[in-house]
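**Student:** requesting a structural model of the entry that follows:
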Amino acid sequence: MARLATLAAVLAALALPPSAGAYVYWSNFGRLGSGTTIGRANLDGSLPNQSFIAGATSPEGVAVDGQHLYWTNNLNNAIGRANLDGTSPNQSFIASASAPQGVAVDGQHVYWASPGFGRIGRANLDGTSPDQSFIAGINGPPDVAVDGQHVYWTNPGSNAIGRANLNGTGINETFIPGTSEPNGVAVDAEHIYWTNVGTKTIGRANLDGSSPDQSFITGAGVPAEVAVDGQHVYWTNIGNPVGSGTTIGRANLDGSAPDPSFITGANGPYGLALDSLATVTTATTLACSPSPLTLPASASCTATVSDTAAGASAPSGTVAFSSSGAGLFTPTVSCALVGTGGGQSVCQLTYTPSAAGATTITASYAGDLAHAASGGTAPLTVLAPPGPTPLGPTTPVAPSLTQVVQSHSSWREGNRLATFTKNTRRAPLGTTFSFVLNERAHVSFAFTQRVGGRMVNGRCAAPTKKNRNKSACKRTVTPGTLAFTGHAGLDKLAFQGRISGARKLQPGRYTLLITATNSAAQRSNTHTLNFTIVR
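**Tutor:** Modelled structure (predicted):
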């Protein structure tokens, strides 16, 4: 990071324009999800192109690495990808992504947040092996960020920033508490940044969660998502009402000189990403020995990092090791790189496995370059010594939902996100759904509505010009879903009609379906509530 900071200081002192290939990207989500394009401009705000990539479906999150641009197609349940110059767009690079909102990428994986399902998904960088529940049972995360050691997300329902280890273990939903309807999150080598929609500010804390400043940047408009490089903090202004924003904001890295209209003319900008000032190719070679090994022996794993962008200078920074086998190793351990010359550095750690099984060791690099890159895997098999057969698991008890009620069956909409809480204070607008759980469980809320349609081939289809003369019928649609983690006992959800930071239900009659699922994937009976949203 020292070299990057030095480069940033030199550029600032000389007032040089950003180098070629340095861009800011944003998704044009549009009013109530009507957007279809990804925008791009130079890092100094010049030459904005609102239709850099067209054909998206309600794009929300945006992410970038050294070769590709990624975005979430929220209403199409997919992750899109294109080359950095906008060519070869693939709107369904990763399909079946469960209404994705935020997206992040590192050197090996693509991550996406599915707030309506309470989980974070992950796939390989080439789009293979998608895992829709990489991190599950969390409190409606709208955005996700990643560094060499951790995955971070926003919890608007809990007003907190969550964190987990890079392999998905060690989930802490209140890693940074006290936020105000957080939506976007970003991370650099020293700090975590997030947007506070409730107070219209941008917050910041140290990487370990200490020294949180909820008003690090004020006067940000209505900030949706945030991105950061070595010189500035950027954010999107989604506007109020949702989708009415047209600007990208920017401030200095220390939070000074905020300019909420740094780039203008966008169409409800939402997701945000920054391209690097450097082009980096990182070759990570892993070696673990001995392999296989028999408990209680240990394995020594070495990672070699090559920096082709820095010439003969060896990379400095850290390498984080993780394993795919649950419980085999300490979830994420890192060590500092030691230069070996010729543009290479090495890092070595010894692991003591706690269980037998096959695992893949991964090394992720984060250091003094604009890109945090990673690569390479090393298979390792751990053999168990002879011993008694362990006892089998006990049969879990399915969750149950009882005393399911709502405080109001007809109410006006507000602007606050749904808040899952145990306190008894009623929201001034909206309604409060309450119920009793017999155990901690993942609770899903599906908001359904009966709408008009036309009978086509024996089924009720959406009305179109082509079928307007067919018989009228009624069909059930699901305009939105929410998911939270409920606790044993009485739980309450204060709801004002907003599904996410960018979407809310329209006035009308609805039927709510509530279902609880425990950690053993056992489901409760589905309970229904009917309500009406009035103007």
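**Student:** can you verify G116 is assigned to a helix?
**Tutor:** Yes. G116 forms part of a helix when assessed by DSSP: H, G, I helix; E, B strand; the rest coil.
**Student:** touching, it and A99? I think so.
**Tutor:** Yes. Counting by CB atoms under 8 Å, G116 touches A99, with 5.1 Å between them. All C-beta spots, glycine's among them, are computed from the backbone N, C-alpha and C.
**Student:** verify the stated contact: S306 with G339.
**Tutor:** No. Applying CB under 8 Å, one finds S306 not in contact with G339, separated by 11.6 Å.
**Student:** higher neighbour count, these two?
**Tutor:** The residue with more neighbours, out of S306 and G339, is S306; 19 against 14, by other CB atoms under 10 Å.
**Student:** the helix or strand encompassing the more buried one: which residues count as buried?
**Tutor:** Assessed by DSSP states H and E, S306 sits inside strand 299-307. The neighbour-count check on strand 299-307 (16 or more other CB atoms under 10 Å) flags 299, 301-307 as buried.
**Student:** confidence-wise, which of those residues comes last?
**Tutor:** Minimum pLDDT for the buried residues of strand 299-307 is recorded at D307 (60).
**Student:** quote the end-to-end distance of stretch 521-531.
**Tutor:** Separation of the first and last residues of stretch 521-531 by CA to CA, to the nearest Å is 29 Å.
**Student:** and A186, what are its bridge partners?
**Tutor:** A186 forms beta bridges with Y193, as assigned by DSSP bridges.
**Student:** my bad, T431
**Tutor:** In this structure, T431 bridges to F495 when assessed by DSSP bridges.
**Student:** which residues in the stretch 351-500 of the chain form strands?
**Tutor:** Applying DSSP state E, counting those that start in this stretch to the stretch 351-500 of the chain gives strands spanning 357-367, 374-383, 401-406, 410-412, 419-421, 431-437, 441-456, 459-461, 472-486, 489-495.
**Student:** sheet partners, orientation included, of the first one?
**Tutor:** Read that as strand 357-367. Strand 357-367 is paired, per DSSP bridges, with strand 317-323 (antiparallel), strand 374-383 (antiparallel).
**Student:** list the buried residues in the shortest one.
**Tutor:** Residues of strand 317-323 classed as buried: 317-323 (neighbour count, 16+ other CB under 10 Å).
**Student:** so how far is it off the chain centroid?
**Tutor:** Taking CA atoms, centre = their mean, to the nearest Å, one finds the center of strand 317-323 at 21 Å from the center of the full chain.
**Student:** show me what secondary structure element comes after it.
**Tutor:** Next in sequence after strand 317-323, counting helices and strands by DSSP H and E, comes strand 332-336.
**Student:** need the CA coordinates for the helix or strand following that following strand. CSV is fine.
**Tutor:** Counting by DSSP H and E, the next helix or strand C-terminal to strand 332-336 is strand 338-341. Extracted in CSV, the C-alpha atoms of strand 338-341 (Å, rounded to 0.1, in the frame of the first residue of the first chain):
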residue,chain,number,x,y,z
VAL,A,338,9.1,-11.5,1.6
GLY,A,339,10.7,-10.2,-1.5
THR,A,340,12.9,-12.6,-3.5
GLY,A,341,13.8,-10.3,-6.4
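**Student:** what sits against the most centrally placed residue in the chain?
**Tutor:** The chain has V144 as the residue nearest its centroid, 2.2 Å off, counting by CA atoms, centre = their mean. Neighbour list for V144: 61, 102-104, 111-113, 120, 151-153, 185 [criterion: CB atoms under 8 Å, 6 or more residues apart in numbering].
**Student:** low-confidence ranges in the stretch 201-350 of the chain?
**Tutor:** Applying pLDDT under 70 to the stretch 201-350 of the chain flags residues 241-243, 276-285, 307-317, 324-332, 341-343.
**Student:** all the helices of it, residue numbers only.
**Tutor:** Using DSSP state H, counting those that start in this stretch, the stretch 201-350 of the chain contains no helices.
**Student:** so where do the strands sit in it?
**Tutor:** Going by DSSP E, counting those that start in this stretch, the stretch 201-350 of the chain shows strands at 201-206, 213-217, 223-228, 232-237, 247-252, 259-263, 269-274, 282-289, 293-294, 299-307, 317-323, 332-336, 338-341, 344-351.
**Student:** just the stretch 1-150 of the chain next, same as before
**Tutor:** Under DSSP E, counting those that start in this stretch, the stretch 1-150 of the chain gives strands at 23-28, 37-42, 49-53, 59-64, 68-73, 78-83, 90-95, 103-105, 109-114, 119-124, 131-136, 144-146, 150-155.
**Student:** anything in contact with each of G116 and A99?
**Tutor:** Counting by CB under 8 Å, 6+ apart, the common neighbours of G116 and A99 are T481.
**Student:** you'd agree I38 is up against W26?
**Tutor:** Yes. Under the criterion of CB under 8 Å, I38 makes contact with W26 at 7.2 Å.
**Student:** please identify which two of the buried residues of strand 317-323 are farthest apart in space.
**Tutor:** Taking CB to CB as the measure, those span a maximum distance of 20.8 Å, between G317 and S323.
**Student:** so where is the stretch 351-500 of the chain shaky, pLDDT-wise?
**Tutor:** Across the stretch 351-500 of the chain, the ranges flagged by pLDDT under 70 are 365-377, 386-395, 419-428.
**Student:** just give me the neighbour total for the spatially closest residue to S51 that is not a sequence neighbour.
**Tutor:** Using CB to CB, 6 or more residues apart in numbering and skipping the chain neighbours, the partner closest in space to S51 is T37 (4.6 Å). Using other CB under 10 Å, T37 has 22 neighbouring residues.
**Student:** re earlier: just the buried ones among the contacts of V144, please.
**Tutor:** Neighbour counting by 16+ other CB under 10 Å classes 61, 102-104, 111-113, 120, 151-153, 185 among those as buried.
**Student:** redo these as TSV? Include distance to T464 and pLDDT.
**Tutor:** TSV is the format used below for the buried ones among the contacts of V144 (distance: CB to CB, whole Å; pLDDT from 0 to 100):
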residue	distance to T464	pLDDT
G61	30	94
G102	33	95
V103	32	97
A104	37	95
Y111	37	96
W112	31	96
A113	33	94
I120	36	96
V151	42	95
Y152	43	96
W153	38	96
V185	40	97
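**Student:** quick one: the residue lying farthest from the centre of the chain from R475, how far?
**Tutor:** Most distant from the centre of the chain: N469, at 44.2 Å, with distances by CA atoms, centre = their mean. Noted for N469: a distance of 18 Å to R475, by CB to CB, to the nearest Å.
**Student:** same deal with F216?
**Tutor:** 47 Å.
**Student:** which outside residues touch stretch 496-503?
**Tutor:** Stretch 496-503 is contacted by residues 29, 32-33, 60, 101, 115-116, 140, 142, 156, 181, 183, 197, 224, 238, 242-243, 268, 270, 413-418, 427, 429-430, 447, 479-482, 504-505, 533 when judged by CB under 8 Å, 6+ apart.
**Student:** rerun at 7 Å
**Tutor:** Contact with stretch 496-503 is made by 29, 32-33, 60, 101, 115-116, 142, 183, 197, 224, 238, 242, 270, 413-418, 427, 429-430, 480, 482, 504-505, 533, as judged by CB atoms under 7 Å, 6 or more residues apart in numbering.
**Student:** please apply the same query to stretch 74-82.
**Tutor:** Here stretch 74-82 makes contact (CB under 7 Å, 6+ apart) with 33, 53, 56-58, 60, 68-73, 88-101, 103, 110, 112.
**Student:** measure how far that stretch is from the centre of its chain, please.
**Tutor:** Centroid separation between stretch 74-82 and its chain, computed with CA atoms, centre = their mean, is 14 Å.
**Student:** with stretch 142-153 instead?
**Tutor:** 7 Å.
**Student:** same deal with stretch 349-364?
**Tutor:** Its chain's C-alpha centre and that of stretch 349-364 lie 26 Å apart, by CA atoms, centre = their mean.
**Student:** buried ones in it, by neighbour count?
**Tutor:** 349, 351, 353, 356-357, 359, 361-364.
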